[in-house]
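Colleague: curious how this folds, go ahead:
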Amino acid sequence: MASGKITKRSVDAWIAQKFEGFVWDDGIKGFGAKFSKSGAVVYVLQFRMGGRESSTRRYTIGSHGSPWTPTTARDEAQRLLILIAQGTDPAEADRQRRREAVDLAFDNYALRFERSVVKFGWKDQVARSLRLHVTPVLGKRPLPKIKRSDIVAVFDRMPQTQVANRRNVFAVLRRLFRWAVSRGDIDRSPMEGMETPPAVRPRDRWLSDDEVGRIWRQTYHTHPCFGPIVRLLIVTGQRREEVASLAWEELDQSELIWTLPGVRSKNGEPNVIPLNALAVAVLNDVAGSAVWPRRGKVFATSSGAGFTAYHKGKLKLDRLVAEDGGEPLQPWRLHDLRRTLATGFQRLGVRFEVTEAVLNHVGGSRAGVAGVYQRHDWKQEKREAMNMWSDHVASILVRSD
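Modeller: Next up, the predicted model:
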């Protein structure tokens, strides 16, 4: 076994001689170089972890050439020997460093967390919160190195006026770090001890009959997907994403039933929604005939993708309503249409339990012990309520023509 001082001169000489084998430095124990007949040189460090009883291990520092010269390789060997003396395995440290740089880089980890989410409504919130507010701040920072101050920076970047949004982002981040702890990727969440942003004051906006009529009329002048989506929101009371992602397979035209699967509902619970006359008319318009397709997206854009341009569609709808000659509308959101149906049901004398069944709420009459033992599906009552609501909206449209 050859030994000697590993320097630039000696390495060049061994290469010129086409030496093959190991040369161990006589100054730093375990530091050596492996020579091949081809002239390739690899710097290594041989060591033991745990004393003489443990087996010999060999760590590859790197190949001869930039950045590894005899001088830089010697310096690296000395650094590694200090780590070894402190009980750190350089190979394990290397693996951890590579893992942090790739697998545990926040942007990669966030995508993996997003893919793990199966709940439909929650999945959309996770994707939007991470893409718009979190990843632009945390970037490729390794998950184990993220501190509370980094999390604070995410919220400092968000406008204080976005009360609901800040609370949503907080919930997403808290779940992500809890998931990371459960997988053993980090020991503790950097969000431990952080206060949850204050709750949003519940909205109480609902639309009057006149407002419903004006909005309904102007939806025909908006995007061919957006207009029918809004009209279905009015007559079914379901959530925006649940309506926009509707598939023809979920509709039973003979029974006039829409079966919303649990994987697509916000709360994970399936729901059966009777289709009233106005809902059927909207779907006939979308299908282009009284016979509906058997499969595919109900609201597919020209590219075949699902519709997502809600903001643009809402701006145009508001502009059209503002120009229709009526009184200015107070600010409203698409979700207010859901509250409008619930309020309309109350005005029509629909039982509270039926309203909750239509809206697929799990609280109120469907929570706790009542939710466990009360298994009535309210199917007939829901159909009667939906038909009453359809007749009411139709009367609004007649009055406003």
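Colleague: hmm, Ile137 is touching Asp150, no?
Modeller: Slight slip there: residue 137 is Val, not Ile. Yes - between Val137 and Asp150 a contact is recorded at 7.4 Å, counting by Cβ atoms under 8 Å. The way it works is simple: take the backbone N, C-alpha and C, and place the C-beta from them, glycine included.
Colleague: I'd like to know how many residues surround Leu83.
Modeller: Neighbour count for Leu83, taken as other Cβ atoms under 10 Å: 13.
Colleague: pull the contacting residues for it.
Modeller: Listed by Cβ atoms under 8 Å, 6 or more residues apart in numbering, the contact set of Leu83 reads 90, 93.
Colleague: so where is this structure shaky, pLDDT-wise?
Modeller: Applying pLDDT under 70 to the chain picks out residues 1, 51, 96-97, 99-102, 120-121, 202, 363-375, 400-401.
Colleague: quick one: the strands in it, in order.
Modeller: All strands of the chain, identified by DSSP state E, fall at 2-4, 21-25, 31-35, 41-48, 56-63, 251-252, 257-260, 271-274.
Colleague: picking that back up, can you list residues touching both of Val137 and Asp150?
Modeller: With Cβ under 8 Å, 6+ apart, Val137 and Asp150 have no common neighbours.
Colleague: buried stuff in stretch 318-327?
Modeller: 320-321 (16 or more other Cβ atoms under 10 Å).
Colleague: quote the end-to-end distance of it.
Modeller: Stretch 318-327 stretches 12 Å from its first residue to its last (Cα to Cα, to the nearest Å).
Colleague: what residues does it touch?
Modeller: Contacting residues not belonging to stretch 318-327 are listed as 210, 214-215, 217-218, 221-222, 328-329 [Cβ under 8 Å, 6+ apart].
Colleague: measure Ala309 to Arg79 for me?
Modeller: 55 Å (Cβ to Cβ, to the nearest Å).
Colleague: circling back to that earlier point, now the strands of the chain in JSON lines, with mean neighbour count?
Modeller: Shown next, in JSON lines, are those (neighbours: other Cβ atoms under 10 Å):
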{"stretch": "strand 2-4", "mean neighbour count": "12"}
{"stretch": "strand 21-25", "mean neighbour count": "18"}
{"stretch": "strand 31-35", "mean neighbour count": "22"}
{"stretch": "strand 41-48", "mean neighbour count": "20"}
{"stretch": "strand 56-63", "mean neighbour count": "15"}
{"stretch": "strand 251-252", "mean neighbour count": "18"}
{"stretch": "strand 257-260", "mean neighbour count": "18"}
{"stretch": "strand 271-274", "mean neighbour count": "21"}
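Colleague: a markdown table for the ones you listed, including distance to Thr88?
Modeller: Shown next, in a markdown table, are the strands of the chain (distance: least, Cβ to Cβ, whole Å):
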| stretch | distance to Thr88 |
| --- | --- |
| strand 2-4 | 27 |
| strand 21-25 | 22 |
| strand 31-35 | 17 |
| strand 41-48 | 11 |
| strand 56-63 | 12 |
| strand 251-252 | 62 |
| strand 257-260 | 55 |
| strand 271-274 | 56 |
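Colleague: what's the closest of the ones you listed to Asp107?
Modeller: Asp107 sits nearest to strand 56-63 of all the strands of the chain, at 27.7 Å, using Cβ to Cβ.
Colleague: that closest one vs strand 21-25, what angle?
Modeller: Relative orientation of strand 56-63 versus strand 21-25 (axes from the mean of the first three to the mean of the last three Cα atoms, to 10 degrees): 90 degrees.
Colleague: nearest to Arg58 among the contacts of stretch 318-327?
Modeller: Thr222 (69.1 Å).
Colleague: surely the closest one and Lys316 touch.
Modeller: Yes - contact criterion Cβ under 8 Å: Thr222 and Lys316 qualify, at 5.4 Å.
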